[in-house]
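Participant: The following block contains a protein sequence and its predicted model.
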Amino acid sequence: MDLWYNKDIAPIFENKKSKSIFHHFKVGKYSGNTLNVYQGCQHRCGYCYATYEWSPEFYDKIYAKYNAPELLENEIKNWRSGPIKPVMISSATDAYQPAELKYELTRKCVKVLQKYNIPYYVFTKSTLISRDLELHKNYRDNCFIVWSITTNDETVRRSLEPGTPPASVMFKMIENFAKNGIRCAVNIDPIVPLITDSIRNIDEIIVNCQKAGVKNVFGAFLRLRYDIWYRMKIVFKLLDKDYETSVKYYNKLYNFTEPIQHNRNLTIDNNYEINFLYNLETKVRKNGMSIDFPKLREGRSYKNSKFKNIDKNQLTLTNYN
């Protein structure tokens, strides 16, 4: 079996000293800052965009940026670009993956952001975040927790993202956060053709979001890259899909022939995407929720700074959404 799928392999943890931790992003009308305290992720999601040539051991070696809290505080103190826009925690790896149990870097960085009154989003699909419920609760007017949920089907989850908790567990946690006044959103991303795009799967996620007290739901389709396509073909086999039919369907839907070139990122057919997302929006609104990305106000302004983004390899939301 391919090493990506073998969830029984324990990753290696390794310390890494970073030169910069705070990075700007702009995607469409949204802009802000990203913060990734880990490189690599133990969740082993087959569709992950952060697995690329510069990080070939993404699933099996987790780098902990041990100086992240101190570096973050220094960069905030030296900020010179006006109000600090909301911070995305995190855009390339899960901030609450198992490594957080050992290092607590996310917890420490959240405390720094709160200290300087900077708004933030946490993107996660981990149950470990429950440990920091009180921390986020005390800052609930200036943060959003965004839960990434792709499927309500346990058979699909175990094949597609074997290192993640079941959706039923995450929805119970979302409900608990929401009852404590913490604003929660759900990102159905990626929507994977033939695997997670069934009417039943989407409807169950939306209904569970409504029951859990979620206010914002949004989603996007899978983008294909050569390595992601390789893993998706393994998932077809794991789920007993008709392999040849599935491959031909993707060839047509993403308009490509084998092999996918390494420098290409393929998007789904535009008409298919528009129609599907329109139906998603209709269902979300019928259940009393918004179909957009939640918005936070900007943080305070810092003058006389020397902040400079110097990490050329840092992924942003362009690679994540």
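Facilitator: Right, received. Where do you want to start?

Participant: show me where the protein has strands.
Facilitator: In order along the chain, the chain carries the following strands (DSSP state E): 12-16, 22-27, 30-35, 38-39, 61-65, 82-83, 87-89, 120-124, 143-148, 184-191, 216-221, 301-302.

Participant: Sort out which residues of the longest one are buried, please.
Facilitator: This means strand 184-191. The neighbour-count criterion (16 or more other CB atoms under 10 Å) identifies C184, A185, V186, N187, I188, D189, P190, I191 as the buried residues of strand 184-191. The C-beta positions use only the backbone N, C-alpha and C, and glycine is treated the same way.

Participant: Was I right to think the fifth one contacts I149?
Facilitator: Think I188. Yes. In terms of CB atoms under 8 Å, I188 counts as a neighbour of I149; the distance is 6.4 Å.

Participant: Overlap of the contact sets of the two?
Facilitator: With contacts defined as CB atoms under 8 Å, 6 or more residues apart in numbering, the residues adjacent to both I188 and I149 are I205.

Participant: what about the spatially closest residue to N15 that is not a sequence neighbour, neighbour count?
Facilitator: Closest residue in space to N15, ignoring its immediate chain neighbours: Y66 at 4.8 Å, by CB to CB, 6 or more residues apart in numbering. Burial measure for Y66: 16 neighbouring residues, criterion other CB atoms under 10 Å.

Participant: Report how many residues lie close to E258.
Facilitator: Around E258 there are 8 other residues, counting by other CB under 10 Å.

Participant: Contact partners for it?
Facilitator: By CB under 8 Å, 6+ apart, the neighbours of E258 are N251.

Participant: run the last query once more with 10 Å
Facilitator: Counting by CB atoms under 10 Å, 6 or more residues apart in numbering, E258 touches Y226, W229, V247, N251.

Participant: Can I get the buried part of these as one PyMOL selection?
Facilitator: Buried subset of the contacts of E258, written as a PyMOL selection, criterion 16+ other CB under 10 Å:
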select buried, resi 229+247
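
Participant: just the contacts of E258: which has the poorest pLDDT?
Facilitator: The member of these with the lowest pLDDT is Y226, at 93.

Participant: And for that one, nearest residue in space, chain neighbours not counted?
Facilitator: The spatial neighbour of Y226 that comes closest, neighbours along the chain excluded (CB to CB, 6+ apart), is I260 at 4.3 Å.

Participant: Which pLDDT value does the model give the one you found?
Facilitator: Each residue has a pLDDT score; the one for I260 is 94.

Participant: again, but for the one 10 residues further on
Facilitator: According to the predicted model, the pLDDT of N270 comes to 97.

Participant: Kindly present the contacts of E258 as TSV, with separate columns for distance to E175.
Facilitator: What follows is the contacts of E258, written out as TSV (distance: CB to CB, whole Å):
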residue	distance to E175
Y226	39
W229	36
V247	39
N251	41
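
Participant: and D292, which of the strands of the chain is closest to it?
Facilitator: Put simply, out of these the one that sits nearest D292 is strand 216-221, at 6.1 Å, with distance taken as CB to CB.

Participant: Contacts for the longest helix seen in the chain, please.
Facilitator: Secondary structure of the chain read by DSSP state H shows that its longest helix is helix 270-286. Taking contacts as CB under 10 Å, 6+ apart, the residues outside helix 270-286 that touch it are 186, 188, 191, 193, 197, 199, 202-203, 205-207, 209-210, 214, 216-221, 252-254, 267-269, 289-292.

Participant: Put the buried members of these into a ChimeraX selection.
Facilitator: Buried members of the contacts of helix 270-286, defined by 16+ other CB under 10 Å, are picked up in ChimeraX with:
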select :186,188,191,193,197,202,205,206,209,210,214,216,217,218,219,220,221,253,254,268,289,291
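
Participant: how many other residues sit next to the residue lying closest to K102 once chain neighbours are set aside?
Facilitator: With CB to CB, 6+ apart as the criterion, K102 has its nearest non-adjacent residue at 6.5 Å, and that residue is F13. Residues near F13, counting by other CB under 10 Å, number 16.

Participant: pLDDT below threshold where in the stretch 1-150 of the chain?
Facilitator: 1-5, 7-8, 27-28, 53-54 (pLDDT under 70).

Participant: Return the set of residues that bridge with the most centrally placed residue in the chain.
Facilitator: Computing the C-alpha centroid of the chain and ranking residues by CA atoms, centre = their mean puts F123 first, at 5.1 Å. Listed beta-bridge partners, F123: V146 (assigned using DSSP bridges).
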